[in-house]
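Trainee: here you go, sequence then predicted model.
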Amino acid sequence: MDANIAYYALHELKILPGQYMNLPREEKAYIIAAIQIRVEKEKREMARMKHK
């Protein structure tokens, strides 16, 4: 999972993988939670658009 998060962080948040991997545990947890929230929101939006 860490690799997927690092990939997303690189492409969407412009955080290099090495920077992400060296973050304190609490900061990683925050980024993971924020990414999960954003992905869920995007999924809902895509589902809503599909049903229109």
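Mentor: That came in fine, so what should we check first?
Trainee: identify the residue nearest the residue nearest the centre of the chain in space, chain neighbours excluded?
Mentor: In the chain, the residue lying closest to the centroid (C-alpha atoms, centre = their mean) is I35, at 2.8 Å. Nearest residue to I35, sequence neighbours excluded (C-beta to C-beta, 6 or more residues apart in numbering): Y8, at 5.4 Å. (Each C-beta comes from the backbone N, C-alpha and C, glycine too.)
Trainee: quickly find the element holding that neighbour.
Mentor: Y8 belongs to helix 2-13 when assigned by DSSP states H and E.
Trainee: quick check: buried residues in the top helix by length along the chain?
Mentor: Secondary structure of the chain read by DSSP state H shows that its longest helix is helix 25-50. For helix 25-50, the neighbour count (16 or more other C-beta atoms under 10 Å) marks 28, 31-32, 35 as buried.
Trainee: what would those residues look like in a markdown table with pLDDT and distance to M49?
Mentor: A markdown table is the format used below for the buried residues of helix 25-50 (pLDDT from 0 to 100; distance: C-beta to C-beta, whole Å):
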| residue | pLDDT | distance to M49 |
| --- | --- | --- |
| K28 | 92 | 32 |
| I31 | 93 | 27 |
| I32 | 93 | 26 |
| I35 | 91 | 21 |
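Trainee: cool, thanks, signing off.
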